[in-house]
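Student: Provided below for reference: sequence and predicted model.
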Amino acid sequence: MDISGVILSGGDSKRMGKNKCLLKINNKTFINLQTEKLNKLCTQVFISVSKKNDYKKNNIIVDKFYDIGPVSGIYSSLKKITTGYAVFLPCDMPLISMSILKTIIENIGNYDAVVPVCNKKIFPVSAVYSKKCIKTLKNNIAKKDYKLLNFLNNINVKYLRFDNNLKHFFNNVNTQTDYKNLLDESNKNL
């Protein structure tokens, strides 16, 4: 399947106190880890940012709407890509595996989106979306409804359930404590 990859990195990293995408694990920045994964699966890979000049790369998509959360990154990216689908991956979820990403992509079928669920939690920012979602996203944004879960209620979604023992793959790194725990866990596995 011809699919684009988009790394969502438009957040302010307020709880972390610095840009989470530039944090490192095993000598690689989070943004580089995510780029490497998506390069293996996608025909084109982009980085979604909230403001220009966040990164010195050519494959940047700047959010059309500022300060409304990931809905803007998903909308702006779907408008820009040339493929019919995009797999989205937040920069602050560095442990998500290639296997999980492949499984999500392989399940698209005739759905507008494939969204993982693990440990009873829905992960709409680690999902595949069709360009068919643009109109619904635009309508929600116009209504100032920026919640991705509300958007999902208005499209044809396949919720893909992952076993609870995989929940660590879906952990977001939002705080210094999260980052320390990630590094501690990583060192145990070396």
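Tutor: Sure, I can see it. Since we're looking at a predicted model, the values are computed, not measured.
Student: what's the closest non-adjacent residue to residue 156?
Tutor: Closest residue to residue 156 apart from its sequence neighbours, by CB to CB, 6 or more residues apart in numbering: residue 112 at 4.5 Å. Every C-beta, even on glycine, is put in place using the N, C-alpha and C of the backbone.
Student: show me what contacts that neighbour?
Tutor: By CB atoms under 8 Å, 6 or more residues apart in numbering, residue 112 lies in contact with 129-130, 132-133, 155-157.
Student: Now do it against residue 134, distance only.
Tutor: Residue 112 sits 10 Å away from residue 134, going by CB to CB, to the nearest Å.
Student: Determine the number of other residues adjacent to residue 94.
Tutor: For residue 94, the count of nearby residues is 28 (other CB atoms under 10 Å).
Student: Look at the residue most central in space within the chain and give its secondary structure.
Tutor: Closest to where the C-alpha atoms of the chain average out (CA atoms, centre = their mean) is residue 89, at 2.4 Å. For residue 89, the secondary structure call by DSSP: H, G, I helix; E, B strand; the rest coil comes out as strand.
Student: Surely it touches residue 9?
Tutor: No: judged on CB atoms under 8 Å, residue 89 makes no contact with residue 9 at a distance of 9.7 Å.
Student: Show me what counts as buried in stretch 142-152.
Tutor: Along stretch 142-152, these residues count as buried under the neighbour rule (16 or more other CB atoms under 10 Å): 146, 148, 151-152.
Student: wait, I meant stretch 3-13
Tutor: For stretch 3-13, by 16+ other CB under 10 Å, it's 3-11, 13.
Student: ok, these vs residue 61, which is closest?
Tutor: Distance to residue 61 across the buried residues of stretch 3-13 (CB to CB) is lowest for residue 6, with 7.1 Å.
Student: Quick check: closest non-adjacent residue to the closest one.
Tutor: Leaving aside its sequence neighbours, residue 6 sits nearest to residue 77 (CB to CB, 6+ apart; 4.4 Å).
Student: Quick check: which element contains that neighbour?
Tutor: helix 70-80 (DSSP states H and E).
Student: now what about that helix, what contacts it?
Tutor: 4, 6, 8, 10-11, 46, 48, 50, 61-66, 86, 88, 90, 124-125, 129-131, 133-134, 137-138, 140-141, 146-148, 151.
Student: Just the buried residues from those, in ChimeraX please.
Tutor: Only the buried members of the contacts of helix 70-80 enter the following ChimeraX selection, criterion being 16+ other CB under 10 Å:
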select :4,6,8,10,11,46,48,50,61,62,63,86,88,90,124,125,129,130,131,133,137,140,141,146,148,151
